[in-house]
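Asker: Sequence plus the predicted model coming up.
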Amino acid sequence: MSPVERPGVPNTRPLPGAIITVRPARGGEEITRLHADPNGRFEIALEPGTYLILPLPPQANASLPRGKATVEVPVNRFVEVMVKYDSGIR
């Protein structure tokens with residue numbers, strides 16, 4: 001992610017080491033937490049259901065970038081989720 005967006009220039013890249021947390025979509029305690037790999041990818045085995053993915057910055061004391069995604073996990077299938085972060089810079 002770049003702090004400055006330019007028209008026509010994608011402002012995306014993987015975020016290695018991002019902390020990925022998972023909670024039930026309707027609220028509740030954190031189910032699991034892990035770190036994205038060096039390519040910004042992660043895999044989590046979950047029971048079928050709807051979940052809230054709350055990615056955190058790689059640095060534990062940082063407040064940005066932040067992201068959020070909801071995912072529906074079907075029975076016996078993998079789901080690919082792209083988590084988008086917001087740098088907070090406008």
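Answerer: That came in fine, so what should we check first? The model shown is predicted, which means the values in this text are computed figures rather than measured ones.
Asker: which strand is the longest one in this structure?
Answerer: Once the chain is assigned using DSSP state E, the strand that runs over the most residues is strand 49-56.
Asker: List the pairing partners of that strand within its sheet, with orientation.
Answerer: Partners of strand 49-56 in the sheet, by DSSP bridges, are strand 19-24 (antiparallel), strand 69-73 (antiparallel).
Asker: and these, which is most packed in?
Answerer: Greatest average neighbour count among the strands paired with strand 49-56 goes to strand 19-24 (a mean of 16), per mean count of other CB atoms under 10 Å. To be clear about C-beta, it is placed using only N, CA and C from the backbone, and glycine gets the same treatment.
Asker: Give me the distance from stretch 40-51 to the chain's centre.
Answerer: 11 Å (CA atoms, centre = their mean, to the nearest Å).
Asker: quick one: contacts of the longest strand of the chain?
Answerer: With contact meaning CB atoms under 8 Å, 6 or more residues apart in numbering, strand 49-56 is reached by 15, 18-26, 31, 66-73, 81, 83, 85.
Asker: okay if I get the strands paired with strand 49-56 as TSV plus distance to Asn39 and mean pLDDT?
Answerer: Below are the strands paired with strand 49-56 laid out as TSV (distance: least, CB to CB, whole Å; pLDDT from 0 to 100):
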stretch	distance to Asn39	mean pLDDT
strand 19-24	13	92
strand 69-73	18	91
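Asker: can I get the ones you listed in CSV with distance to Pro55?
Answerer: CSV is the format used below for those (distance: least, CB to CB, whole Å):
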stretch, distance to Pro55
strand 19-24, 5
strand 69-73, 8
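Asker: for the protein, what spans make up the strands?
Answerer: 19-24, 32-35, 49-56, 66-67, 69-73, 85-86.
Asker: What is the second one packed up against?
Answerer: When you say that, I think you mean strand 32-35. With contacts defined as 3 or more CB pairs under 8 Å, 6 or more residues apart in numbering; DSSP states H and E, the packing partners of strand 32-35 are strand 19-24.
Asker: chain center to the strand it packs on, what's the gap?
Answerer: The answer for strand 19-24 is 8 Å, by CA atoms, centre = their mean.
Asker: Determine how far the last residue of stretch 7-16 lies from the first.
Answerer: Using CA to CA, to the nearest Å, the end-to-end distance of stretch 7-16 comes to 25 Å.
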